[in-house]
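Visitor: Please work out how this folds:
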Amino acid sequence: MQHVLAGLLTVVQPANMLAIIVGVFIGMVFGMVPGLSGVTAVSLLVPFTYGMSPITGILLMVGVYCAATYGGSITAILFNIPGDVMAAATAMDGYPLTRKGEARRALSMAIYASCVGGLFGTLVLATVAPQFVKVALAFGSPEYFALAVLGLTVVASLGMGSTLKALLSAAFGLLLATVGLCPVSGVSRFTFGQVMLQAGISFIPAIIGLFAISEVLSRMYDREIQTPHDPEALREARRFSVPSISDIRHTRWTIARSSIIGTVVGMLPGAGATIAAFLGYGIAQRSSDKPETFGQGNILGVAAPESANNAAVGGAMVPLLTLGIPGSASTAVILAVFILHGLRPGPLLFIRFPVFTYAIFVGMFVANLVMLFMAIALVRYLVRVLVVRYEVLSMVILAFCIVGAFAINNRLVDVWVALFCGAVGFFAKKYGYSPAAIVLGLVLGPIAEDGFINGMTITGGDLWAFLSRPLTATILGLALLSLAFPAWVEWRRRKAIPRRTNSA
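Guide: Model prediction:
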């Protein structure tokens, strides 16, 4: 309780509260505007956290992460254009409600369910994470190597389409992580004689390029972004208010169930808010006594995915804070902020900086409340941003990308790294590869390398002794299962196709 109060006193300091409020506002805008996303927002803001205190920078990211998850539902409901992939589930019933003239009802339920789900996920985070740390304290270098492998394999095999392409993306990220001086021999690796590359590929410019610059290039190339102009929907959004008591009562059990689902799914590295949203929606439909009404404007179809995807935010922070293993693109960027300030998430973070960790818990709780009140007060005005042409927004984003990449170390090479990674991310998206897996390979590569080298040193170079440690073997076994599971699902799917053809 003492740490909770200390964390609360830290969060309510003016600079930290301002960071949360600004983060929520930015996250809501980036999540709402088609063509932008929460990952783009956190990537752009990483350089700006350099001049902040560590807790202020993390709270800024927390605000963006929480609000961006909700923001995509606004355009999904009003125009059937999800601001982010996870909001596609919300659009299934949110947009039909708008077509019925009930956009205000859908928007109200979206923010209410998002807030409840986010608060629940944060509560579970604050409860589970300190207990999980006790287990994590038993981890040594071999276990951290195994965890890095598990993080790569799970992220590479869940929700990314082709497993092979996802694994190749992660392998490319690992290759980028080897650029620089070898930590054992000091030999230069893949520097091509460039002294500036001896320090390695800076992950912050790489993240800016892979997420922000590549997103702009992809959208401009595909010409996917059409500025939504629906005067009636915009007028309806300006009447935004809190949900009715009857809707709250009608959705209370669906929101509770979806919040639990979202939190559990969020704890699985690689699953993320998108899977949580669709899983919450699917279970709500199957458990409904009127499943045929889903997709036609059922308010439960808005409450379920919104509570699930926002609960997944708190769940996703559990492996990040307790093990230092990011399970999604956004948490990988947040990990970059920790590293930028000389901090490494993991069990020792809870022991050495308990007030810091509890301030993150409290900050996430506050961010969800700020998101609720800010949405009620500002959504009617924020929707006006949607009339700005994406071509204009994209130029502003590119300018911030270049300035941000240069500002970290004042090195021109970082700008070239950002541009190079932007081109890599563009072609990766175009041909079905995963920029998120590349980033995770870049982030987890040093963890895996250090864990393997130190682990082999501990065991005297005995590979069998390295692999036979109970925790290491268990985690590596889970990594193998995570790779085998998608292949098994694909095999079952192909096996079922001939049966359906024959029966037809």
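
Visitor: Going C-terminal from the host helix or strand of Ala423, what's the next secondary structure element?
Guide: Applying DSSP states H and E as the criterion places Ala423 in helix 412-430. Using DSSP H and E, the helix or strand that follows helix 412-430 towards the C-terminus is helix 435-458.

Visitor: residues of that following helix that come out buried?
Guide: Of all the residues in helix 435-458, those buried under the rule 16 or more other C-beta atoms under 10 Å are 435-452, 454-456. C-beta here means a position set from N, CA and C on the backbone, and glycine is covered the same way.

Visitor: Check the spacing between Met267 and Gly451 real quick.
Guide: Using C-beta to C-beta, to the nearest Å, one obtains 22 Å as the distance from Met267 to Gly451.

Visitor: count of residues packed around Val216?
Guide: Using other C-beta atoms under 10 Å, Val216 has 23 neighbouring residues.

Visitor: Next SSE downstream of the helix or strand containing Ile351?
Guide: Counting by DSSP H and E, the element that carries Ile351 is helix 347-352. Sequence order places helix 354-382 as the next helix or strand after helix 347-352, per DSSP H and E.

Visitor: quick revisit: roughly how far is the helix holding Ala423 from the heart of the chain?
Guide: Helix 412-430 has its average C-alpha position 20 Å from the chain's average C-alpha position, going by C-alpha atoms, centre = their mean, to the nearest Å.

Visitor: contact partners of stretch 206-219?
Guide: For stretch 206-219, contacts defined as C-beta atoms under 8 Å, 6 or more residues apart in numbering pick out 35-37, 39-40, 43-44, 46-47, 176, 225, 329, 332-333, 336, 390, 394, 397-398, 400-401, 404-405, 417-426, 428-430, 435, 438-439, 442.

Visitor: Tell me, what's the model's pLDDT at Gly118?
Guide: pLDDT for Gly118: 90.

Visitor: Just confirm it contacts Gly315, I think it does.
Guide: No. Contact criterion C-beta atoms under 8 Å: Gly118 and Gly315 do not qualify, at 10.7 Å.

Visitor: So which of the two has more stuff around it?
Guide: The neighbour comparison of Gly118 against Gly315 (other C-beta under 10 Å) goes to Gly118, with 32 against 29.

Visitor: and after the strand or helix carrying that one, which helix or strand comes next?
Guide: Element membership for Gly118 (DSSP H and E) is helix 103-136. Per DSSP H and E, the first helix or strand lying C-terminal to helix 103-136 is helix 141-157.

Visitor: Who are the packing partners of that next one?
Guide: Secondary-structure packing of helix 141-157 (3 or more C-beta pairs under 8 Å, 6 or more residues apart in numbering; DSSP states H and E): helix 163-177, helix 435-458, helix 470-503.

Visitor: contact partners of the following helix or strand past the first one?
Guide: So that's helix 163-177. Going down the chain from helix 163-177, the next helix or strand is strand 180-181, by DSSP H and E. The contact list for strand 180-181, computed with C-beta under 8 Å, 6+ apart, reads 187-189, 191, 197-201.

Visitor: out of the residues you listed, which is most surrounded?
Guide: Within those, neighbour counts (other C-beta under 10 Å) peak at Ile201, which reaches 22 neighbours.

Visitor: what secondary structure does it sit in?
Guide: Taken by DSSP: H, G, I helix; E, B strand; the rest coil, the conformation at Ile201 corresponds to coil.

Visitor: State the pLDDT value of it.
Guide: Note on Ile201: pLDDT of 81.

Visitor: how near is it to Val413?
Guide: In terms of C-beta to C-beta, Ile201 sits 10 Å off from Val413.

Visitor: Leu478 now?
Guide: Remark: distance between Leu478 and Val413 (C-beta to C-beta) = 38 Å.

Visitor: ok, Leu197 to Val417 distance?
Guide: Counting by C-beta to C-beta, the gap from Leu197 to Val417 is 9 Å.

Visitor: picking that back up, give me the PyMOL select line for the contacts of stretch 206-219, limited to the buried ones.
Guide: In PyMOL syntax, the buried subset of the contacts of stretch 206-219 is picked out as below (16+ other C-beta under 10 Å):
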select buried, resi 35+36+37+39+40+43+44+46+47+176+225+329+332+333+336+390+394+397+398+400+401+404+405+417+418+419+420+421+422+424+425+426+428+429+435+438+439+442
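
Visitor: quick one: contacts of whichever strand or helix holds Gly262?
Guide: Taking DSSP H and E as the definition, Gly262 sits inside helix 245-267. Surrounding helix 245-267, the residues in contact under the criterion C-beta under 8 Å, 6+ apart are 105, 108-109, 112-113, 116-117, 120-121, 124, 128, 271-273, 275-277, 279-280, 283-284, 287, 299-300, 303-305, 307-316, 318-319, 327.

Visitor: Helix or strand with the lowest mean pLDDT in the chain?
Guide: Here the helix or strand of the chain ranked lowest by mean pLDDT, DSSP states H and E is helix 231-237, holding a mean of 59.

Visitor: Could you pick out the buried ones from the contacts of helix 245-267?
Guide: If you count burial by 16+ other C-beta under 10 Å, the buried members of the contacts of helix 245-267 come out as 105, 108-109, 112-113, 116-117, 120-121, 124, 128, 271-273, 275-277, 279-280, 283-284, 299-300, 303-305, 307-316, 318-319, 327.

Visitor: Below-threshold pLDDT in the stretch 1-150 of the chain: ranges please.
Guide: Low-confidence segments of the stretch 1-150 of the chain, defined by pLDDT under 70: 1, 34-36, 81-85, 136-137.

Visitor: Tell me which residues touch Ala277, please.
Guide: By C-beta under 8 Å, 6+ apart, Ala277 lies in contact with 86-90, 262, 305-306, 308-309, 312.

Visitor: Please report how far it lies from Tyr70.
Guide: Applying C-beta to C-beta, the value for Ala277 to Tyr70 is 11 Å.

Visitor: got any residues that touch both of the two?
Guide: Shared contacts of Ala277 and Tyr70 (C-beta under 8 Å, 6+ apart): Glu306.

Visitor: In this structure Ala312 contacts Ala273, no?
Guide: Yes. Counting by C-beta under 8 Å, Ala312 sits close enough to Ala273 to count as a contact (4.2 Å).

Visitor: Between the two, which contacts overlap?
Guide: Listed as contacting both Ala312 and Ala273 by C-beta under 8 Å, 6+ apart are 69, 262, 266.

Visitor: Which residue is the nearest non-sequential neighbour of the last one?
Guide: Think Gly266. Gly315 (2.4 Å; C-beta to C-beta, 6 or more residues apart in numbering).

Visitor: next helix or strand past the host helix or strand of that neighbour?
Guide: In this assignment (DSSP H and E), Gly315 forms part of helix 300-323. Next helix or strand after helix 300-323 toward the C-terminus (DSSP H and E): helix 329-340.

Visitor: gap between that following helix and the chain center?
Guide: The answer for helix 329-340 is 10 Å, by C-alpha atoms, centre = their mean.

Visitor: so what does that helix touch, helix or strand wise?
Guide: Using 3+ C-beta pairs under 8 Å, 6+ apart: helix 329-340 touches helix 38-45, helix 54-79, helix 203-207, helix 300-323, helix 435-458.

Visitor: so can I have JSON lines of these showing distance to Pro345?
Guide: Shown next, in JSON lines, are those (distance: least, C-beta to C-beta, whole Å):
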{"stretch": "helix 38-45", "distance to Pro345": "15"}
{"stretch": "helix 54-79", "distance to Pro345": "10"}
{"stretch": "helix 203-207", "distance to Pro345": "15"}
{"stretch": "helix 300-323", "distance to Pro345": "5"}
{"stretch": "helix 435-458", "distance to Pro345": "11"}
